[in-house]
Structures are given as C-alpha cells and as structure tokens.
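Enquirer: from the sequence below, what's the structure:
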Amino acid sequence: MTKNTVIPFEDRVEKAAKILNINPNQLTEALKKSGVDCLEILDSSSVSVEDLVCAISPPLGLSFEIPFIKAKVAAGILKIDVPKDGSDTSKDGSDTSKVGSDTSLADLIKSQRPVSQWSDEEVLTKYIETDDEQYESELQRRSKNRRFIVLKEGNKEVDVEASLLMLKRARKEEIPSFFIGEDKKVIHIYKVEAYHIDNRVRYESPLRPGVMLFDGFCKVSNQNFKNVGDPARKFLRLIHLFGGTQSRMEEAKLVKIAEKEGVDGLGKIFPEILVQYMELSAIDGLPSLKTIAPVETRQADPFYQKTGNRTY
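Expert: Predicted coordinates for the structure are as follows:
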C-alpha cells in the first residue's frame, strides 16, 4: 500500500469556507472554539461530520446563520479524505490526494440538493430504482397528475426517453390513455402511480368475498390471515362457498388450523371440500383472491369528455 497525500488543515478550511461564503480565518476560529485546532483532531475517527456541523453552524461571531445544507457540505469537505477507521491509507492503495478536487466537491454538493431541484431524468430514474413515494409524489407534481409513463414494447420496463418527452407535454396539456403512432402501433400511457401494476394488487379476505385485507387483516371477520399461506387461504374460500358462513368462533379455529397445518389440516375437517379443492387445482380453477385496485383519476379521459367516462 502507498500512503495517501493528506490534504493540509488550512487547505480544507479554505475550501469549506468558500462554500460557507465566509473568511477562512472565521471558520478556523469557530473550529478552534469547538476544540478542532489541528489535523490530528480533525482526522480523528472520534470526530464525525455531524460534530463539525454543530461546530460551524453557525460559527460564533457571525451576524447571520449558516444554512444547514451548506454547513453539512462544508463539514464533509473537512472530513472528506478520511476513512472511517481514521487510517490514512486507502483499501486499494490508490492515491486519494484528489478527493478534495472540484469534481468531488461538485458531486458532494449535487448529492445535497433537494429532490425538487433534480432534473426530470434524475427523479424518474431514481423512482424506477427505488419505487420510493417521495419520487412518485414529485413526478405527480411535475406532471400535474397527468399520464406520461410509456413502457417499452412487450414488457413492463419504463421507456425513460419516451416518458421524459411525454412528461414535458404533460406540463402543458392533457395526455390520453393511448394513441396510435405513425407506425400504426398502439402506445399506452400511464400515470406514474398506475403503470406499476404490482403496486395495485390487493388481496381479498378468504372468508369475506369482496372485502380487501389490510396487512393480512379482515376488518369484517376480525381475522388476520397474514400467516396463512395462499393454498390454505383458497381452501378457506371454498369452505365459505360450499359450507356457508361459519360462526366467529369456528372461523377463528379454522384460521389457526390454516396457520399451523395448512390445506392438510383443513382437509381433515372438510374432506368433501378437499375433493373440490383437488379437482379445481388440477384445472387452475381455484379462486385467486387477488384483484387490481382501480386508479384514482381526477379528470375525465379527453377521448370521452362528453360522457364523462373514465379509462384507466
């Protein structure tokens, strides 16, 4: 391994002070008052970025407050070339003397931007990667809750380029649920919350048709099916269909048996229904207990403005 070229204390302070729009001497004094007066202390693994944020936000003696984000970026610059274990060598032995360069600084500042300041492509790409609600909400805001997601032909993958172009149009005009292109292909366009069909899958209560479960709980039967496997849930539905509604006490017993013994346990109690289960299973005729939740739409489809019909 080769030794890193450690960035001097003064150089780090100068770069950090530039971010804070203050004189380097002011930052130096603020750090000294907090006990950070040399490189050994600054590079210590006991001193975190959060500690430095507290030390410089706001530096004592200033008549204005340092914004938290700027303080955090500046603190990162002060600690940026120090490994977590406090050592001065990199894992691969490479020279990290350029870690405080303008490129690293730009990347650090970029990472601190709020989502509202990201580009459309950055937000959409991050949403596709994480499926996080904050990015979904930001895309809904930018699209004015209009459709703009276009999928690649033949799969569920988002066509990023086409979707970004449609997002620009969604800012200015309503987007139809589909249109026919010049090549006569039908192109479907979705709202950001609707294209990912897996997110709209809901599960029915095995003992209460039409009632959706919430984290496995049925609010009508007061039973929780979270620990009941899918085959046993389908068997419970057949019990309801062929045997009628059971008493609350009987239902509770059946759910416990379904949790512990599954189809085998339920089949011992209802052998005639087990026959029905096996026959339906052989022809893929068992109830699915799944449904797709409709997408909430706020405006009528532009193709059907006169009737007010909605398409999803």
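
Enquirer: show the subsequent helix or strand relative to the longest helix along the chain.
Expert: Ranked by residue count under DSSP state H, the longest helix found in the chain is helix 248-269. Proceeding N to C from helix 248-269, the next assigned helix or strand is helix 271-282, under DSSP states H and E.

Enquirer: after that next one, next one along is what?
Expert: Next along from helix 271-282, by DSSP H and E: strand 290-292.

Enquirer: list the residues that contact residue 208.
Expert: With contacts defined as C-beta atoms under 8 Å, 6 or more residues apart in numbering, residue 208 is in contact with 218, 220-221, 240. C-beta coordinates here come from the backbone N, C-alpha and C atoms, glycine included.

Enquirer: ok, for it, nearest residue in space, not its chain neighbours?
Expert: The shortest distance from residue 208 to any non-neighbouring residue, by C-beta to C-beta, 6 or more residues apart in numbering, is to residue 220 (4.6 Å).

Enquirer: in this structure, which spans are helices?
Expert: 9-20, 24-33, 39-42, 49-56, 68-79, 102-111, 120-130, 133-142, 160-170, 230-243, 248-269, 271-282.

Enquirer: which of the contacts of residue 208 fall in strands?
Expert: The members of the contacts of residue 208 that map onto strands under DSSP state E are residue 218.

Enquirer: quick one: buried ones out of the contacts of residue 208?
Expert: 218, 221, 240 (16 or more other C-beta atoms under 10 Å).

Enquirer: now those in CSV, with distance to residue 133 and pLDDT?
Expert: Formatted as CSV, these follow (distance: C-beta to C-beta, whole Å; pLDDT from 0 to 100):
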residue, distance to residue 133, pLDDT
218, 26, 93
221, 30, 92
240, 35, 92
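
Enquirer: let me have those residues in CSV, extended by distance to residue 288.
Expert: Below are those laid out as CSV (distance: C-beta to C-beta, whole Å):
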residue, distance to residue 288
218, 17
221, 19
240, 15
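
Enquirer: closest to residue 38 out of those residues?
Expert: In terms of C-beta to C-beta, no member of those lies closer to residue 38 than residue 218, at 64.6 Å.

Enquirer: in this structure that closest one contacts residue 203, no?
Expert: No. Using C-beta atoms under 8 Å, residue 218 makes no contact with residue 203, being 9.8 Å away.

Enquirer: what distance do you get for the closest residue to residue 178 other than its chain neighbours to residue 159?
Expert: Excluding the flanking residues, the one nearest residue 178 by C-beta to C-beta, 6+ apart is residue 188, at 4.7 Å. Counting by C-beta to C-beta, to the nearest Å, the separation of residue 188 from residue 159 is 11 Å.

Enquirer: who has more neighbours, those two?
Expert: Legend: neighbour count by other C-beta atoms under 10 Å for residue 188 and residue 159, higher for residue 159 (16 against 13).

Enquirer: show the pLDDT at the residue nearest to residue 178.
Expert: For residue 188, the pLDDT comes out at 89.

Enquirer: just use 485 as the starting number from now, easier for me
Expert: Will do, 485 is the new start, and the previous item becomes residue 672.

Enquirer: who's in contact with it?
Expert: Applying C-beta under 8 Å, 6+ apart, the residues near residue 672 are 634-635, 661-662.

Enquirer: top of those by neighbour count?
Expert: So for the contacts of residue 672 (other C-beta under 10 Å), the most neighbours sit at residue 634, 22 neighbours.

Enquirer: from residue 652, how far out is the closest residue to it other than its chain neighbours?
Expert: Counting by C-beta to C-beta, 6+ apart, residue 646 is the residue found nearest to residue 634 once chain neighbours are left out, at 4.0 Å. Counting by C-beta to C-beta, the separation of residue 646 from residue 652 is 11 Å.

Enquirer: higher neighbour count, the two?
Expert: residue 646 (16 against 12).

Enquirer: read off the pLDDT value for the more buried one.
Expert: Reading off the model, residue 646 has pLDDT 93.

Enquirer: go on, the one 3 residues further on?
Expert: Per-residue confidence (pLDDT) for residue 649: 94.

Enquirer: great, nothing more from me.
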